[in-house]
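> I need the structure of the sequence given here:
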Amino acid sequence: MQGAYILATGSAVPDSTISNHQISQFVETSDQWIVTRTGIKERRLLTGYNQSVIDLAVIASKRALQKIDMNPHDIDLIILATSSPNDLFGSASQVQAKIQAVNAVAFDLTAACSGFVLSLVTATQFIQNGTYSTVLIIGADVLSKWTNWNDRGTCILFGDGAGAVILQACPYLENAILGFNLNTNGQYSNQLSISYKEDKLVNLNLPIMQGSFDYITMNGKEVYKFAVSQVPLSILKCLNNLNISIDNIDWLLLHQANERILTAIADKLSIDLRKVISNVSKYGNTSAASIPLALDEALYQNKIKKNDLIIISGFGAGLTWGTVIVKWIY
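Okay, the predicted model is just below:
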């Protein structure tokens, strides 16, 4: 068995910003209403022609590589966590080509806001069983492409962004991905989704229907209740399995969905709010990008120190949720 640890991080957000005031010009809302309910003040949107999730993923990846002066040829595997690919068959291979990681296998992993956590766990398994030594994990989404800008319940929430981490093998005694807990309840998948709708009959002497994907739909109350009830349980199970006390945790890094959710989960766990990493006010909900984006920013701000213990938890569509406990060792 090998161990694994996070060697470097990188992130990218679009230049264009849309504020709460701008949103209030086309839906019935206000800056105060949005901030009170979500904590979000603005979000970044990918604009312009021929720009996609791939552009953000490539920038985030290159920034992570540049921090450690790593040759992209050294990457063995690329996992792109996204629910908004530029190609329904997958976008990871295009990222591989653009960063010239010619030796890397590349694939997409779709799990919406839990995508980064599931990708981190997947990459860790590949490293710990000795299959690969260096893995690039990218969380990237451009949900502005799938947002109904007439729906006040969702258009205030989502922004675009990307975050990347490089995970590398190390001696097992130095393993820094300490443990995980993953969960799914598909009975509630309709509470948060981008569903497929059939809208055209193709006459081939057979009843073949074709269609397209709809906008994001969400039952906000149910998603809130799910996150606040289930995520703390996942975190406690993970900590108990590792015999780690909540008091020994230095940082709580949750999917940046909503400031009220972050606060409620911290309160349930009796974690001081000063230990909660949050940038949701600046970027909104960036889905799979939110955790690595916030991690990269926290490192840039010198918040996280060597040997700090970090709880990382993602939750969202599926419904899926999961936790990884990480020790920061560099």
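> contacting residues around the closest residue to residue 29 other than its chain neighbours?
With sequence-adjacent residues excluded and distances taken as CB to CB, 6 or more residues apart in numbering, residue 29 is closest to residue 152, at 5.4 Å. (Each C-beta comes from the backbone N, C-alpha and C, glycine too.) Neighbouring residues of residue 152 by CB atoms under 8 Å, 6 or more residues apart in numbering: 27-29.
> before we move on, what about residue 220?
residue 153.
> list the buried residues for stretch 166-176?
Buried residues in stretch 166-176, counted by 16 or more other CB atoms under 10 Å: 166-170, 175-176.
> for residue 50, pull up the helix or strand it's in.
Using DSSP states H and E, residue 50 sits within no helix or strand.
> can I get the contacts of residue 152 in TSV with pLDDT and distance to residue 251?
Shown next, in TSV, are the contacts of residue 152 (pLDDT from 0 to 100; distance: CB to CB, whole Å):
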residue	pLDDT	distance to residue 251
27	93	35
28	92	38
29	93	32
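> which one of the residues you listed sits closest to residue 269?
Set against residue 269, the nearest of these by CB to CB is residue 29 (31.1 Å).
> partner strands of the helix or strand encompassing residue 324, with direction?
Per DSSP H and E, residue 324 falls inside strand 320-327. Neighbouring strands of strand 320-327 in its sheet, by DSSP bridges, are strand 177-184 (antiparallel), strand 309-316 (antiparallel).
> what's the most buried one of those?
Of all the strands paired with strand 320-327, strand 309-316 has the most neighbours on average by mean count of other CB atoms under 10 Å, namely a mean of 25.
> mean confidence score for it?
On average, the pLDDT along strand 309-316 is 97.
> now do stretch 204-222
Here stretch 204-222 scores 86 as its mean pLDDT.
> mind listing what's buried in that stretch?
In stretch 204-222, counting by 16+ other CB under 10 Å, buried: 215-216, 218.
> where exactly do the strands run in the stretch 1-150 of the chain?
Taking DSSP state E, counting those that start in this stretch, the strands of the stretch 1-150 of the chain run over residues 3-12, 16-19, 42-45, 77-81, 105-109, 134-142.
> hey, which of the ones you listed is tucked in deepest?
Compared across the strands of the stretch 1-150 of the chain, strand 134-142 shows the largest average neighbour count, a mean of 31 (mean count of other CB under 10 Å).
> ok so, going back, of all the strands of the stretch 1-150 of the chain, which lies closest to residue 71?
For those, distance to residue 71 was read as CB to CB. The smallest value, 10.3 Å, belongs to strand 134-142.
> how far off strand 77-81 does that closest one point, in degrees?
Orientation check (axes from the mean of the first three to the mean of the last three CA atoms, to 10 degrees): strand 134-142 against strand 77-81 gives 20 degrees.
> partner strands of strand 134-142, parallel or antiparallel?
Partner strands and pairing direction for strand 134-142 (DSSP bridges) are strand 77-81 (parallel), strand 160-170 (antiparallel).
> could you dump the ones you listed to CSV with mean pLDDT and distance to residue 126?
Shown next, in CSV, are the strands paired with strand 134-142 (pLDDT from 0 to 100; distance: least, CB to CB, whole Å):
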stretch, mean pLDDT, distance to residue 126
strand 77-81, 98, 6
strand 160-170, 98, 9
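> any chance of those strands in a markdown table, plus distance to residue 121?
Shown next, in a markdown table, are the strands paired with strand 134-142 (distance: least, CB to CB, whole Å):
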| stretch | distance to residue 121 |
| --- | --- |
| strand 77-81 | 10 |
| strand 160-170 | 11 |
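> residue 314: which of the ones you listed is closest?
strand 77-81 (9.3 Å).
> who's in contact with the closest one?
Contacts of strand 77-81 (CB under 8 Å, 6+ apart): 57, 90-92, 95-96, 101, 104-111, 115-116, 118-119, 122-123, 126, 132, 134-140, 288.
> next one: stretch 25-42
With CB under 8 Å, 6+ apart as the criterion, stretch 25-42 contacts 17-21, 23-24, 149-152, 155-157, 258-260, 262, 278, 280-285.
> which of those residues fall within helices?
Per DSSP state H, helices hold the following members of these: 20-21, 23, 152, 155, 259-260, 262, 280-283.
> tell me the least confident of the residues you listed?
Among the ones in helices among the contacts of stretch 25-42, residue 152 carries the lowest pLDDT, at 91.
> can you pull the domain assignment for this protein?
Following automatic domain parsing, one finds the domains of the chain at 3-174, 177-186+217-327.
> can you give me the end-to-end span of the first one?
The first residue of domain 3-174 is 6 Å away from its last residue (CA to CA, to the nearest Å).
> and stretch 139-146, by the same measure?
From its first residue to its last, stretch 139-146 covers 17 Å (CA to CA).
> so what touches it?
So stretch 139-146 is in contact with 45-46, 52-53, 56-57, 60, 80-84, 115-116, 119, 158-164, 194, 213, 215-216, 285-293, going by CB under 8 Å, 6+ apart.
> just say helix, strand or coil for the spatially most central residue of the chain.
Note on the chain: the residue nearest the mean C-alpha position is residue 288, at 2.1 Å, using CA atoms, centre = their mean. Of the three states, residue 288 takes helix under DSSP: H, G, I helix; E, B strand; the rest coil.
> could you measure from it over to residue 279?
Going from residue 288 to residue 279 by CB to CB, to the nearest Å gives 15 Å.
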